[in-house]
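J.: Predicted structure and sequence below. I'll ask about it afterward.
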Amino acid sequence: MYDRVGGLPALPRREDLAFVTNVRSSGFKVRHAPEVIVEVSARLSGRAAGGMADCLKQWVKATQAGDPHLVEAPTAILERARRRRLLRTLGDCDAASLATAAMRLSILPADLHDSFGQLLSPQELVERFAPEAPDAIATVPVRAAIDELDGLIRRFGGASRAA
């Protein structure tokens, strides 16, 4: 898989995120194993601008200023998950349903196809039109986001379904 996607991209930062995008776009699945524990350094002087050290510095600065830690709104995450789920189903649609789904997603139907007129794979559609959002705008205090997530889980009856 590593070789098939061209290995780790030679980027100054976020090469890991670009690698995961390439893996998914190529049709491979990425599994987040719950038993895996990741430990990172708490250093505030990092190698990559915009990396973990810079993030930690921002958190420390916010805490010292008494500012809340902000995260992406749970409703935005839910909407992205729903969009991803819909994009994964487009391969089974007839032309009329495909056009309707494209309009619902605010995508031109032609943009769902490659240069040869073939519908992009579900993985390519997701990565192109509903990618992960590591730089999503953080607007909600983390405590409020947790409360909102708890409410969403209760609303859905605790059911979990992969988006």
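T.: Happy to help now that I have it. Numbers count the residues shown, from 1 in each chain.
J.: element containing the residue most central in space within the chain, please.
T.: Closest residue to the average C-alpha location of the chain: E132 at 1.6 Å, with CA atoms, centre = their mean. In this structure, E132 sits in neither a helix nor a strand according to DSSP states H and E.
J.: mind checking how far it is from V71?
T.: 14 Å (CB to CB, to the nearest Å). Where C-beta positions appear, they are placed from N, C-alpha and C, glycine not excepted.
J.: Please apply the same query to L152.
T.: Remark: distance between L152 and V71 (CB to CB) = 14 Å.
J.: of these two, who's got more company?
T.: Neighbours were counted for L152 and for V71 using other CB atoms under 10 Å; V71 has more, 18 against 13.
J.: and that one, backbone torsions?
T.: Reported as degrees, to the nearest 10, the phi and psi values for V71 are phi -130, psi 170.
J.: can you check L70 too?
T.: With angles defined as degrees, to the nearest 10, L70 sits at phi -100, psi 150.
J.: contacting residues around it?
T.: L70 sits next to 138-142 when contact means CB atoms under 8 Å, 6 or more residues apart in numbering.
J.: In strands, which of those residues fall?
T.: If you go by DSSP state E, these have 140-141 in strands.
J.: Of the contacts of L70, which is the most crowded?
T.: Top of these by neighbour count (other CB under 10 Å): V140, with 20 neighbours.
J.: so what's it bridging to?
T.: When bridges are assigned using DSSP bridges, the partners listed for V140 are V71.
J.: How about the contacts made by it?
T.: Contact analysis of V140 by CB under 8 Å, 6+ apart lists 70-74, 148.
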